[in-house]
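*Asks:* Dropping the sequence and predicted coords here.
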Amino acid sequence: FPVTRYHSLIVDEDTLPDCLTVTARTEAGAIMALSHMTYDLYGVQFHPESIASVAGYRILAAFLTACGHNTPTQSAIALLEEQVLRLDERFPGQMHP
C-alpha cells in the first residue's frame, strides 16, 4: 500500500541488532518498518498519520487495538481521529496536514 515518507533517511540493515526484525520494505528494498523480537516495540519510517498515506488511519487504528486502547463501544478509527484532532490543541500551530 502507498505511504508517505518526508525524508531520505534509511536504515542500514547491516547495522541492525539481532533483536530487531524487518517487517516492511519499499518496492526498492528500503526498510520501512521494524519490530523487536522480545518486546512490544515497533517503528516505521513513514507517516501513517499523513493524509497522503493510503489506509494510514487503519494502520494506526489496528496498532491502537493491538495495544488495548480500543473499547467495544468506540471504533479504533473514531478513537484515532479523536486523538489526532486533539494534537492541535496540545501543540498549537505545530501540526500540519
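*Replies:* Arrived safely. Given the structure is predicted, the values throughout are model-derived calculations rather than measurements.

*Asks:* mind listing the strands for this structure?
*Replies:* 20-25, 31-36, 42-44 (DSSP state E).

*Asks:* any weak-confidence spans in this structure?
*Replies:* In the predicted model of the chain, residues 1-7, 51-54, 70-77, 80, 84-85, 87-88, 91, 93-97 satisfy pLDDT under 70.

*Asks:* got the domain boundaries for this structure?
*Replies:* The chain breaks down by automatic domain parsing into domains covering 1-49, 55-92.

*Asks:* Including mean neighbour count, could those go into JSON lines?
*Replies:* C-beta coordinates here come from the backbone N, C-alpha and C atoms, glycine included. Output for the domains of the chain, formatted as JSON lines (neighbours: other C-beta atoms under 10 Å):
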{"stretch": "domain 1-49", "mean neighbour count": "12"}
{"stretch": "domain 55-92", "mean neighbour count": "14"}
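
*Asks:* what's residue 48 in contact with, if anything?
*Replies:* Counting by C-beta atoms under 8 Å, 6 or more residues apart in numbering, residue 48 touches 3, 56-57, 59-60.

*Asks:* Sort out which one of those lies nearest residue 11 for me.
*Replies:* Residue 11 lies nearest to residue 3 out of the contacts of residue 48, by C-beta to C-beta, at 15.1 Å.

*Asks:* Roughly how far does residue 69 sit from residue 61?
*Replies:* Separation of residue 69 from residue 61 (C-beta to C-beta, to the nearest Å): 10 Å.
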